[in-house]
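K.L.:
here is my input, please return the structure:
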Amino acid sequence: RFFAGSDVISEDRMTALLSASPKKMLAQLKADPIYRFHSSMADLYQEKVNTPYQELNDKIQKLQRKYMKALMEVFPNKRFYPDANSTMRVTYGQVKGYSPSDSVDYEYMTFLDGVMEKYKPGDYEFDVSPKLRELHRKRDYGQYATDDNKMPVCFIGSNHTTGGNSGSPAIDAHGNLIGLNFDRAWEGTMSDINYDPSICRNIMVDIRYVLFIVDKFAGASHLIEEMKLVHPKKAVSDISPEERERLLQEQRKMLSNPKVGSKGKKGGNKKSDQSIDPDSQDTNFIKMDPEEIKKKGKKGKSSGGGK
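P.N.:
From the prediction side, this is the model:
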């Protein structure tokens, strides 16, 4: 009865409602049972949840000032993050695995093989499309596979990230785009309070997997043709003076007009802020850990990357 009496679940009735005059549409919409239910829930949320939350949050922000002042007095030689509102932040780290507990070791990279190991038909999290399974079965990875014909998916690093860093580019020491940051390892979610370099790891999707999905899976090879892929990755010293100057001009232009990630909201986009900010302009610079390179027997070069 609840849904049967509503216009919003019927395409024909909703079209007719939107075609009515503004006054009639508004009156009919306010009488709709689903709209009335949503409105009552919104009012309840505002009264019982949001208002008390904001009152508590104001108290916390005031106490945070005293807490930070005390930390700076107790640890006078420690470096503290400044308020990063309206700034472009850069965090440095290494591509590196970690061992969170006894006899538990995590490598620094995952592959498409692992996605297929978790494949569960019909599951909302672990279902895999037939086309991706077929590409994996044929090992049809194009130019994006590793030397041993495996498809990289994600890698981890010791970059100190927080809420709002999702989507930030991961750039190697030579300025090559090698991934996109999107998450943190479970053991490192406390890093806003206490960053421990031994277990705090940010998670990045490998740019080769992004290119593989765009090209081989989605069939949008025309987008790949618009990009300049680097094989192997180039160091700054390998770039011509003209190309280097062009890139520097682009960088200066970008830095002269950065986007404001916080949108002007109070306390937004700070290191201690856990809100999600998709407009964050943060950048992750990473480098390979020599021990990891030895462990894997690699030379530290990528078989593909975007620039």
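K.L.:
so after the longest helix anywhere in the chain, what's the next helix or strand?
P.N.:
Assignment by DSSP state H gives helix 51-74 as the longest helix of the chain. Later in the chain than helix 51-74, the nearest helix or strand by DSSP states H and E is strand 90-95.
K.L.:
with just CA atoms, put that next one into PDB.
P.N.:
Taking Å, rounded to 0.1, in the frame of the first residue of the first chain, the C-alpha atoms of strand 90-95 are listed here in PDB:
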ATOM      1  CA  VAL A  90      52.400  16.300  -1.300                       C
ATOM      2  CA  THR A  91      53.200  13.100   0.600                       C
ATOM      3  CA  TYR A  92      56.300  11.000   0.100                       C
ATOM      4  CA  GLY A  93      56.700   7.300   0.600                       C
ATOM      5  CA  GLN A  94      58.000   4.000  -0.700                       C
ATOM      6  CA  VAL A  95      56.400   1.100  -2.600                       C
END
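K.L.:
quick one: list the elements packing against that strand.
P.N.:
Contacts defined by 3 or more Cβ pairs under 8 Å, 6 or more residues apart in numbering; DSSP states H and E place strand 90-95 against strand 152-157, strand 283-288. From N, CA and C alone the C-beta is placed, and that goes for glycine too.
K.L.:
which of those has the lowest average pLDDT?
P.N.:
Among those, strand 283-288 carries the lowest mean pLDDT, at a mean of 49.
K.L.:
kindly check the end-to-end length of stretch 116-124 for me.
P.N.:
Start-to-end span of stretch 116-124 (Cα to Cα, to the nearest Å) is 15 Å.
K.L.:
buried stuff in it?
P.N.:
Residues of stretch 116-124 include none that count as buried (16 or more other Cβ atoms under 10 Å).
K.L.:
now do the strands in this structure.
P.N.:
With DSSP state E, the ranges of strands along the chain come out as 90-95, 98-101, 104-106, 109-111, 152-157, 169-171, 177-184, 202-206, 283-288.
K.L.:
can you lay out the ones you listed as CSV showing distance to Ala27 and mean neighbour count?
P.N.:
What follows is the strands of the chain, written out as CSV (distance: least, Cβ to Cβ, whole Å; neighbours: other Cβ atoms under 10 Å):
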stretch, distance to Ala27, mean neighbour count
strand 90-95, 53, 18
strand 98-101, 59, 14
strand 104-106, 59, 11
strand 109-111, 55, 19
strand 152-157, 52, 23
strand 169-171, 50, 20
strand 177-184, 45, 21
strand 202-206, 49, 23
strand 283-288, 51, 20
